[in-house]
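Visitor: take a look and give me a structure for this.
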Amino acid sequence: MFDFQVIIRVIILLIFFQATPNLGLSSDYFVSTKGSDSNGNGTQSKPWKTLGFACTKVPANQGHTIKLSEGTFVELRVIVPTGINIAGAGIDRTIIRANPSFYHHPPDPGFSHDKFLIDLSSNVIATGNQSVKDLTIDGDEKKLHGGILVKNRTNILLKRIKVQSTNFTGIWLWEVKDSRVSEATIKNCAWGSSAWSSGAIDITNLERVEFDNIQVDENFGYGIKALGTNGPMHYVKIHDSNISVAPFGQWKTDSGADAPNIAVEFWNVDLLGCEFYNNYVDNIISLVMDKEEWRTSKGSQTIRVYNNVVDLGTRAKGYGYALEVSLHDIEIDHNYILKGSHGIVNWDKGETMMSNWTIHHNIFYGIADQYPAEIVRAQNSGLHNIKFYNNTVEFSGTRTTNLIAVYGGTSENIEIRNNLIINSNTSYNYYPNKILHVEKGTLTNVVFTNNFLCNQPLGSVPGKSEHNKDGDPKLRKGGNRPLPYYLPESDSPVIDSGVDVGLPFEGSAPDIGAHETFFTTSCKNWFILK
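Guide: Next up is the predicted model:
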């Protein structure tokens, strides 16, 4: 027998799904350079011609994907509703350019959020649940203002994107959460003036956003820049990326001199739990929070910078410095810092006592300047609660370089432990290198223990100095720097000669220097530097 109630329910459901064919079912829609916006319907056999038109026809918030064919598309501003994905045929296979009527490149362009070619924006925070993948945006030799804007959305994925030659910025994320930018190439997309510069990638008010495998090659402005407001930058990760900028930027100093360029800038944003790791950069990483609300430490780590190569030799030719740090509660570890005028500098002029820096297991090589250079320097407001542990520092060349220097303010509570300091200078342009150098400031309560000095006198220490060694550290000194060049030989006196500072180690005690080793039939590197 037939169950007529069941049959009636099935008929009702069929009628309902026929009336709402997209409910819960994501579909693909097609756009082709050979399509038509007037006669197409978005199917593979009758595609539309422009992405902008397709975004007005595809229903939002249903997970549909607009697929772009190979070829070059000329578009006006493309406004992408939430829940719609865009997929090209591949980088440099699907190319999107602006209609000339959409060009925007005045001398002072401003933020101009309405001048981005692909716009994923909402008036208030909204769930995006969408991706943009596999395409190139070409700015027509900097006639286009910006490539992609994402504003007030969550759950966004930008992947395998190339943006080149825009006037102001390539990609801008503003008020974005729980999102990711991956495998993006950004080339010559920033703007600048003598007053300030934008970044090839600009970021504003982000939470739990990840950037990975990013390639920035910028010949004018900054690389990655926090720009817009002083809001949160919480749990942001930038890793496994290459950020290269021209040696000099457009911004001028107060005296009108050229300033070194900035590869990454977090300026006056509320940093919390951020990470910057496994990257290659070739100019300054600027981390500055000098507003009144950040004068005192909040007690939580702002950012950890680790496993990076900061190369100030190749493109910058020794100009610039590795890290500009004017904030509290930072960890800097396992980096290779190559050349440049300084390692880590606090230029703060507001007498803010930036405190709680932990600097460990880094390698600094070839830091030098026309004036005395420093591995760690405070210009005006001193150094406060600094832990400088297990670093390897090699001075070289003919110019004076100091380990720690204070040029103003009061400094206190500096712990220098387990460091290997090698002086390979052949001469000096001011005075012999110093461990501690003080001008126009005070330095008290220094702890200098269990360090190894090679051809470097200790000098006076305003505090405790004990268990330090000198002589030949017996490193490999062969192959490439930093590895295997700085690895200790099996009979090196730096092995197991440090003091426990709460960091992982092998053997009876930590090794001195940046590498923790143990020996069986071969040498194992406990901490890997990329």
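Visitor: for the stretch 1-150 of the chain, which segments count as helices?
Guide: Assigned by DSSP state H, counting those that start in this stretch, the helices in the stretch 1-150 of the chain fall at 4-19, 51-57.
Visitor: lowest-confidence stretch among the ones you listed?
Guide: Note on these: helix 4-19 shows the lowest mean pLDDT, a mean of 46.
Visitor: and the longest strand for this structure?
Guide: Longest among the strand segments of the chain by residue count, using DSSP state E, is strand 116-138.
Visitor: could you export it as CSV, CA atoms only?
Guide: What follows is strand 116-138 as a C-alpha-only set of coordinates in CSV (Å, rounded to 0.1, in the frame of the first residue of the first chain):
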residue,chain,number,x,y,z
PHE,A,116,40.2,49.5,-5.6
LEU,A,117,39.6,47.3,-8.6
ILE,A,118,38.4,44.3,-6.6
ASP,A,119,36.4,45.3,-3.5
LEU,A,120,35.2,42.9,-0.8
SER,A,121,33.7,45.5,1.6
SER,A,122,30.8,45.6,4.0
ASN,A,123,29.5,48.6,6.0
VAL,A,124,29.8,46.6,9.2
ILE,A,125,31.6,43.4,10.0
ALA,A,126,30.2,40.6,8.0
THR,A,127,31.0,36.9,7.4
GLY,A,128,32.7,36.7,4.0
ASN,A,129,33.2,32.9,3.7
GLN,A,130,34.9,33.5,0.4
SER,A,131,38.1,33.3,-1.6
VAL,A,132,39.9,35.0,-4.5
LYS,A,133,42.4,32.8,-6.2
ASP,A,134,44.6,32.3,-9.2
LEU,A,135,44.7,35.6,-11.0
THR,A,136,46.8,38.7,-11.7
ILE,A,137,45.9,42.3,-11.3
ASP,A,138,47.9,44.7,-13.5
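Visitor: elements contacting that strand?
Guide: Contact here means 3 or more Cβ pairs under 8 Å, 6 or more residues apart in numbering; DSSP states H and E; on that basis strand 116-138 packs against strand 78-79, strand 84-87, strand 94-98, strand 146-164, strand 169-182. In short, each C-beta sits where N, CA and C put it, glycine included.
Visitor: and the third one, what's its mean pLDDT?
Guide: Computed over strand 94-98, the mean pLDDT rounds to 98.
Visitor: in its sheet, what does that strand sit against?
Guide: When pairing is defined by DSSP bridges, strand 94-98 lines up against strand 71-75 (parallel), strand 116-138 (parallel).
Visitor: flag the shaky bits of the stretch 1-150 of the chain, pLDDT-wise.
Guide: Counting by pLDDT under 70, the stretch 1-150 of the chain has low-confidence residues at 1-24.
Visitor: make it 90
Guide: Across the stretch 1-150 of the chain, residues meeting the criterion (pLDDT under 90) sit at 1-25.
Visitor: could you do the stretch 401-530 of the chain as well?
Guide: Low-confidence segments of the stretch 401-530 of the chain, defined by pLDDT under 90: 440-441, 516-530.
Visitor: how close does residue 203 get to residue 450?
Guide: Using Cβ to Cβ, to the nearest Å, we find residue 203 at a distance of 41 Å from residue 450.
Visitor: likewise residue 298?
Guide: From residue 298 over to residue 450 the distance is 31 Å, taken as Cβ to Cβ.
Visitor: the more surrounded of the two?
Guide: Neighbours around residue 298 and residue 450, counted as other Cβ atoms under 10 Å, are more numerous at residue 450. The numbers are 24 against 13.
Visitor: residues touching the more buried one, list them.
Guide: 417-418, 467-468, 497-499, 512 (Cβ atoms under 8 Å, 6 or more residues apart in numbering).
Visitor: residue 135 too?
Guide: Here residue 135 is in contact with 68, 86-91, 94-96, 160-162 (criterion: Cβ under 8 Å, 6+ apart).
Visitor: ok, so of the contacts of residue 450, who is nearest residue 478?
Guide: Here the nearest of the contacts of residue 450 to residue 478, counting by Cβ to Cβ, is residue 512; it sits at 19.9 Å.
Visitor: switch the contacts of residue 450 over to CSV; also include secondary structure.
Guide: What follows is the contacts of residue 450, written out as CSV (DSSP: H, G, I helix; E, B strand; the rest coil):
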residue, secondary structure
417, strand
418, coil
467, coil
468, coil
497, coil
498, coil
499, coil
512, coil
